[in-house]
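Novice: based on what follows, work out the 3D shape:
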Amino acid sequence: MDNLSFIRETMERATAFTAVPGWGGVAMGVTAFAAGAIAWARPTPLDWLLTWLGAAVVALTIGGLAMRAKARRAGTPVLSYSGRRFVLSFVPPLVVGGLLTAALVRADLHAALPGTWLLLYGTGVVTGGAFSVRVVPLMGICFMLLGAAALFGPASWGDPLMVAGFGLLHIVFGSIIAWRYGG
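Specialist: Residues are numbered from 1 along each chain as shown. Predicted coordinates for the structure are as follows:
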């Protein structure tokens, strides 16, 4: 029995986290396109901020539910060994993003938010993706490149780069994940 437990644990540790949701990523991207259209017309920085934060909550909910559904279809728990590693690597950059958001808003540095969000989300995707399929870290690097452009480019690039990242990248990479790795 000890040998069987050892073999099972070894196999579990060697597997990649495959519950990254392709179709969920596509839905998250659609959410970002809607948020970009709404946020662009917002008259105040607070309205803009609330629009994007609301979209983030909706998108993360979609992603979490889609991840759970994909894992259930595959007959594996979301919080398997590789799933826990994915979550523990993905979440800290998002927490840092929340803290930096509060600090940047308090300092009235709203123009730095798009770059900060794209960079930190990309960092989370890269670090979490280290325990997933190969295309996931590549998606994170693309987010980070857009984040650098948003951080150091003109402030007017913020919304288009956020739509390109949170919208287009999620749709493109979500489609790839759905096609190559199932749903």
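
Novice: switch to C-alpha atoms for all contacts and neighbour counts from now on
Specialist: OK.

Novice: what is the least confident helix or strand in this protein?
Specialist: helix 2-14 (a mean of 52; mean pLDDT, DSSP states H and E).

Novice: tell me where the protein has strands.
Specialist: Under the criterion DSSP state E, the chain contains no strands.

Novice: can you map out the helices along it?
Specialist: Ranges of helices in the chain, per DSSP state H, are 2-14, 22-40, 45-74, 81-106, 113-129, 135-152, 158-162, 170-181.

Novice: return the most buried member of the ones you listed.
Specialist: Mean neighbour count (mean count of other C-alpha atoms under 10 Å) peaks for helix 113-129 among the helices of the chain, with a mean of 26.

Novice: which other helices and strands contact that helix?
Specialist: In this structure, helix 113-129 packs against helix 81-106, helix 135-152, helix 158-162, with contacts taken as 3 or more C-alpha pairs under 8 Å, 6 or more residues apart in numbering; DSSP states H and E.

Novice: which stretch in the helices of the chain has the least confidence?
Specialist: Lowest mean pLDDT within those: helix 2-14, a mean of 52.

Novice: quick one: stretch 32-46 to chain centroid distance?
Specialist: 19 Å (C-alpha atoms, centre = their mean, to the nearest Å).

Novice: export it as CSV, just CAs?
Specialist: C-alpha atoms of stretch 32-46 as CSV (Å, rounded to 0.1, in the frame of the first residue of the first chain):
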residue,chain,number,x,y,z
ALA,A,32,-13.1,42.9,-21.2
PHE,A,33,-14.3,44.1,-24.6
ALA,A,34,-17.6,45.2,-23.0
ALA,A,35,-15.7,46.8,-20.1
GLY,A,36,-13.4,48.7,-22.5
ALA,A,37,-16.4,50.1,-24.3
ILE,A,38,-18.1,51.1,-21.1
ALA,A,39,-15.0,52.5,-19.4
TRP,A,40,-14.0,54.6,-22.4
ALA,A,41,-17.1,56.7,-22.0
ARG,A,42,-16.8,57.1,-18.2
PRO,A,43,-16.5,60.8,-17.3
THR,A,44,-14.5,60.4,-14.0
PRO,A,45,-11.5,58.2,-13.0
LEU,A,46,-13.7,56.7,-10.3
